[in-house]
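Visitor: give me coordinates for this.
(one chain, ligands or ions: 1)
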Amino acid sequence: MNKIIVYCDVNFEQKSLENVSYEIISKAYDLIKDINENLSDDMKYVIEAVALCDEISPQYIKKAFQAGAGRFVLIKDKSLENFSQCVFSKCFCEYFNQNPSPIILFGATQIGRIVAPRITTILNTGLVADCTGLDIAYEEGKIKLLATRPTFGSELMATILSKTNPQCATIRPKTFIAKFDKDIAGQLFEFHPTSYEETRIKFLRRILDNSSDAVDFSNAKIVLSGGFGLNDGKDKKYFLRLEQLANLVGAKVGASRKVVDFGLMPQSAQIGQTGSTTTADVYVAFGISGAIQHICGMKNCKTIIAINTDENAEIFKYADYKIVEDAKALIDDMLATFI
Ligand SMILES: Cc1cc2nc3c(=O)[nH]c(=O)nc-3n(C[C@H](O)[C@H](O)[C@H](O)COP(=O)(O)OP(=O)(O)OC[C@H]3O[C@@H](n4cnc5c(N)ncnc54)[C@H](O)[C@@H]3O)c2cc1C
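Guide: Take a look at the predicted model:
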């Protein structure tokens with residue numbers, strides 16, 4: 001049996017999996033489907049979700065199967081109750097060395113960004129970090145991971161192929177949409193690591209940080225995003241109006257980095273490569289040019305509406321609806337219909 005491993009991000013409080021794990025499982029499943037069609041049964045690839053924890057609640061394992069995992073491996077030990085980078089990396093590698101696969105995918109989350117470099121160092125392989133796109137090719141009996149990420153100061157998108165095995169990548173949350181419509185009879189396995197060693201790090205307690213003012217785009221259905229085209233050189237008038245409009249339609253407010261750099265909106269609202277990623281149902285870009293660093297944070301939204309005075313603006317290439325208009329006047333008009 002061939003497989004692709006997805007290293008699952010665990011929420012240790014809830015004994016659940018973070019959504020990014022389902023997003024990557026769904027994407028990997030979709031990518032492998034076409035390849036599997038041309039392979040004999042014994043050569044077909046299965047998506048294997050691997051989670052390290054003392055336990056995971058069954059409903060989250062079921063969700064992994066519904067997202068596309070044919071196998072779920074719980075690397076289980078009391079020592080894995082709380083996250084520790086050394087122990088987790090070591091236990092994962094113990095499992096991997098006995099059960100190798102040509103590809104390992106991680107979420108580019110806090111935990112993924114810590115364990116992926118450690119694991120790839122132990123496995124003596126490369127890592128493509130912070131990807132915003134994935135593809136898988138099958139050539140001459142070998143599976144190849146094509147991992148896309150911004151490069152050259154983010155001016156270009158590069159698709160990178162690994163020379164070493166396993167081929168590994170971290171993928172930003174919200175790059176893909178998690179879909180739970182698969183009818184897969186997944187199998188659950190347990191692996192009990194033996195190579196666990198005492199770590200010099202002692203877990204004392206977990207404290208939840210509720211102080212962050214970050215805008216949470218994870219469940220946003222509508223995002224109204226303001227670009228520098230809303231700047232009027234005097235005050236934040238149009239950004240405040242955008243917030244007003246967002247409150248009326250139940251939307252979250254996003255912004256381009258230029259807007260954030262000019263202090264017109266908080267950093268937490270920034271969408272893009274160095275900000276948040278959204279897969280909202282509707283994304284409305286008001287006066288945003290469409291720089292590649294912005295696009296990679298919103299290109300997977302279901303419907304994209306762009307308003308720009310420049311009919312050749314780059315953003316229009318990604319938009320489902322293109323409105324060549326003054327975005328400020330449009331905001332005024334929309335507010336007027338509500339108030
Ligand atoms: C390493 C790196 C990381 C980056 N990360 C990010 C990131 O995460 N997110 C991000 O957004 N950017 C990021 N950037 C910056 C990015 O390259 C752009 O500079 C930025 O996105 C531009 O913002 P903007 O489109 O709002 O402004 P501009 O490029 O100035 O565009 C303004 C647009 O508004 C239009 N306009 C003007 N007046 C109006 C009007 N009245 N009505 C309608 N349209 C109007 C103009 O035609 C223009 O298209 C990054 C850059 C680098 C180098």
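
Visitor: quick one, what contacts the closest residue to residue 35 other than its chain neighbours?
Guide: Spatially, and ignoring its direct neighbours in sequence, residue 35 is nearest to residue 138 (4.6 Å; CB to CB, 6 or more residues apart in numbering). For the C-beta atoms, the positions are set from N, CA and C on the backbone; glycine is no exception. When contacts are counted by CB atoms under 8 Å, 6 or more residues apart in numbering, residue 138 touches 35, 38-39, 144.

Visitor: kindly report the same for residue 167.
Guide: Residue 167 makes contact with 102-104, 125-126, 144-145, 147, 161 under the criterion CB under 8 Å, 6+ apart.

Visitor: CSV for those, including neighbour count?
Guide: Converted to CSV, those look like this (neighbours: other CB atoms under 10 Å):
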residue, neighbour count
102, 18
103, 26
104, 26
125, 16
126, 17
144, 15
145, 25
147, 26
161, 12
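
Visitor: list the beta-bridge partners for the residue nearest to residue 35.
Guide: residue 143 (DSSP bridges).

Visitor: same thing with residue 106?
Guide: residue 170.

Visitor: contacting residues around it?
Guide: Going by CB under 8 Å, 6+ apart, the list of residues near residue 106 reads 6-7, 24, 112, 115-116, 168-171.

Visitor: quick one: buried ones out of the contacts of residue 138?
Guide: Among these, those classed as buried by neighbour count (16 or more other CB atoms under 10 Å) are residue 35.

Visitor: so which of the contacts of residue 138 belong to strands?
Guide: Mapping the contacts of residue 138 onto strands (DSSP state E) picks out residue 144.

Visitor: what's in contact with stretch 1-8?
Guide: Contacting residues not belonging to stretch 1-8 are listed as 17-18, 21, 24-25, 28, 32, 42-51, 64, 69-71, 92, 96, 101-107, 112, 115-116, 119, 136, 143, 166 [CB under 8 Å, 6+ apart].

Visitor: buried residues in it?
Guide: For stretch 1-8, using 16+ other CB under 10 Å, the buried residues are 2-8.

Visitor: helices - which of the contacts of residue 106 land there?
Guide: 24, 112, 115-116 (DSSP state H).

Visitor: wait, which of the residues you listed is closest to residue 272?
Guide: residue 112 (19.5 Å; CB to CB).

Visitor: would you mind naming what in this structure lies close to the ligand?
Guide: Within the chain, the residues that sit near the ligand (CB under 6 Å from any ligand atom) are 153-154, 227-229, 256-259, 270-275, 287-289, 291, 293-294, 297, 307-310, 313, 326-328.
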